[in-house]
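Asker: sequence? don't have it. structure:
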């Protein structure tokens, strides 16, 4: 350990103590509060099975919101990613597009949801719009990173024939980056289902609306039904996307790697 | 060998003329230093040299991927410059196979070959991936010619090294080329496959009456197929051997004797 790194650790510890004091983060409170968790658990165990159909229905709505948001988001993100790739455009094109995408990404989806609730009113549509915005910012970035790492050989070989830039994009860039796209789509869908589940907290539709309402009225048993449905759905979707990824994506990338 | 006599009888018109070419990648470091090359139409021309000698640069000058710092080049009496409309059009007929072949790995064999027809396609057709029937038929015919009949639907990444090279050749032929440029197309292959690929190029060169300019590592292979072999060392052309009839004519520049140079470039070529 050099004196420099000792100093760095010292500074981090001091900042940790100061910040904890400022935000009232006290480990003793946490331990004191543990019995309260028991109370909640007791309530949660009074699961009300009557609510299961409602929970499933609202989960279905949530999945549909996430589905529209993911697909539309990816559709909008693709042309933007082509414009944001440094190896395809001049600085005057990619710099503003990248700035726009960075700006979109600074907002978490729940803030977008608040904004759209104000714009289009309460309900799932605001949530869908929020998911679209989040997906655009995220997928466009992932995708322009992929485009920038495409092998330059086919670009040179096909480009040297004297084809147009659009032909190059259509016949080299898109085929060479498409295999990553399926993976990103699955990842985003998976992630968006979890996100959409909480958008109801601000009135933007989905299952989160029920969860927050029951919690506000201290009906933990009812809220628990909805939370368990979210948990089960996320597990299933996770499992499904992993198995799809293993089956289609890992295989094709093996092939690409082999010479 | 028959292709030699054939090439001789075609025409003596110069298709490539380079005089006193200097190029540099970085400021002050020259890849080529005062090179003169002149190539007759219909020749099978080989450029031999070690890696870093500047031999790949020579090919990139011909298709305008590089611009010389000094000297003049004419490709079919046209300046290879992207700003020249005539050259941009000519580029459609210059097939270029880079060292790593540049196949689109996730596309099929047929799709890769059809890339050579792209300059002939309208913008709408090409965005919709609608190739005219005759182009598809032509692509299939060329695939038969290079020995890949029945493999149209394979993805490029699944092919063997020899098959990949056949696809790259087919793509270039699809351009209906006037000139075929190939950068070390057989350097990583075993001897048998290397000869198969070279036979294929020689056959295509005769059949379509094109000028083939190929960069090689291996002097023996170059002498076996080319009408004319140039040796590039440290950015300079130190030897040019022409085989006319059965006599080897050499146009040598530099201090080493022809025998010494030949010795040098055949010694390390066994791969």
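Answerer: That came through fine. The structure displayed is predicted, hence computed values, not measured ones.

Asker: For the stretch 51-200 of chain A, what lies in contact range of chain B?
Answerer: A:151, A:153-158, A:160-164, A:166-167, A:170-172, A:175-176, A:178-179 (Cβ under 8 Å from any Cβ of the partner chain). C-beta here means a position set from N, CA and C on the backbone, and glycine is covered the same way.

Asker: Return the per-residue confidence for residue B:222.
Answerer: pLDDT recorded at residue B:222 is 88.

Asker: list the helices and strands the longest helix along chain B packs on?
Answerer: Looking across chain B with DSSP state H, the single longest helix is helix B:191-207. Under the contact definition 3 or more Cβ pairs under 8 Å, 6 or more residues apart in numbering or on different chains; DSSP states H and E, helix B:191-207 sits against helix B:2-10, helix B:161-174, strand B:179-183, strand B:211-216, helix B:219-225.

Asker: what comes up buried for stretch B:147-154?
Answerer: Neighbour-count burial for stretch B:147-154 flags B:148, B:151, B:152, B:154 (criterion: 16 or more other Cβ atoms under 10 Å in any protein chain shown).

Asker: Indicate whether it makes contact with chain A.
Answerer: No: figure legend: stretch B:147-154 not in contact with chain A (Cβ under 8 Å from any Cβ); closest approach 10.8 Å.

Asker: quick one: the strands in chain A?
Answerer: Using DSSP state E, no strands are found in chain A.

Asker: Around the closest residue to residue A:143 other than its chain neighbours, count how many other residues there are.
Answerer: Spatially, and ignoring its direct neighbours in sequence, residue A:143 is nearest to residue A:81 (3.7 Å; Cβ to Cβ, 6 or more residues apart in numbering or on different chains). Using other Cβ atoms under 10 Å in any protein chain shown, residue A:81 has 27 neighbouring residues.

Asker: just to revisit the earlier point, mind listing what's buried in the longest helix of chain B?
Answerer: B:193, B:194, B:196, B:197, B:198, B:200, B:201, B:202, B:204, B:205, B:206.

Asker: rewinding a little: these two touch, right, the residue nearest to residue A:143 and residue A:139?
Answerer: Yes: with contacts counted by Cβ atoms under 8 Å, residue A:81 reaches residue A:139, the gap being 7.5 Å.

Asker: So what touches stretch A:137-147?
Answerer: Outside stretch A:137-147, the residues within contact range by Cβ atoms under 8 Å, 6 or more residues apart in numbering or on different chains are A:73-74, A:77-78, A:80-82, A:84-85, A:87-88, A:98, A:101-102, A:104-105, A:173, A:177, A:180-181, A:184, A:188.

Asker: burial count for the residue in the stretch 51-200 of chain A positioned nearest to chain B?
Answerer: At 2.7 Å from chain B, residue A:157 is the closest residue in the stretch 51-200 of chain A, using Cβ to the nearest Cβ. Neighbourhood size, residue A:157 [other Cβ under 10 Å]: 24.

Asker: Excluding chain neighbours, what is closest to it?
Answerer: In this structure, residue A:157 finds its nearest non-sequential neighbour in residue B:102, 2.7 Å apart by Cβ to Cβ, 6+ apart.

Asker: sorry, back to before: from the helices and strands packed on helix B:191-207, which stretch is densest packed?
Answerer: Neighbour counts (mean count of other Cβ atoms under 10 Å in any protein chain shown) averaged over each of the helices and strands packed on helix B:191-207 peak at strand B:211-216, with a mean of 26.

Asker: Against which helices or strands is that strand packed?
Answerer: By 3+ Cβ pairs under 8 Å, 6+ apart, strand B:211-216 packs against strand B:14-26, strand B:29-40, strand B:44-49, helix B:55-62, strand B:179-183, helix B:191-207.

Asker: can you do 7 Å?
Answerer: If you count contacts as 3 or more Cβ pairs under 7 Å, 6 or more residues apart in numbering or on different chains; DSSP states H and E, strand B:211-216 packs onto strand B:44-49, helix B:55-62, strand B:179-183.

Asker: phi, psi of the residue of the stretch 51-200 of chain B found nearest chain A?
Answerer: Chain A sits closest to residue B:102 of the stretch 51-200 of chain B, with a gap of 2.7 Å, by Cβ to the nearest Cβ. Residue B:102 has phi and psi values of phi 70, psi 40 when expressed as degrees, to the nearest 10.

Asker: who are the neighbours in contact with it?
Answerer: Contacts here follow Cβ atoms under 7 Å, 6 or more residues apart in numbering or on different chains; on that basis residue B:102 touches A:153, A:154, A:156, A:157, A:158.

Asker: try 8 Å
Answerer: A:153, A:154, A:155, A:156, A:157, A:158, B:168.

Asker: Does the first one touch residue B:96 like I think?
Answerer: The one in question is residue A:153. No: proximity of residue A:153 to residue B:96 does not meet the contact threshold set by Cβ under 8 Å, at 11.1 Å.

Asker: What is the three-state secondary structure of residue B:42?
Answerer: Using DSSP: H, G, I helix; E, B strand; the rest coil, the secondary structure recorded for residue B:42 is coil.

Asker: can you give me phi and psi for it?
Answerer: Phi and psi for residue B:42, reported as degrees, to the nearest 10, are phi 80, psi 10.

Asker: which residues of the chain score low on pLDDT?
Answerer: Defaulting to chain A. Along chain A, the model assigns pLDDT under 70 to residues A:1, A:249-259.

Asker: other chain: chain B
Answerer: If you take pLDDT under 70 as the line, chain B has these spans: B:1-12, B:244-247, B:267-271.
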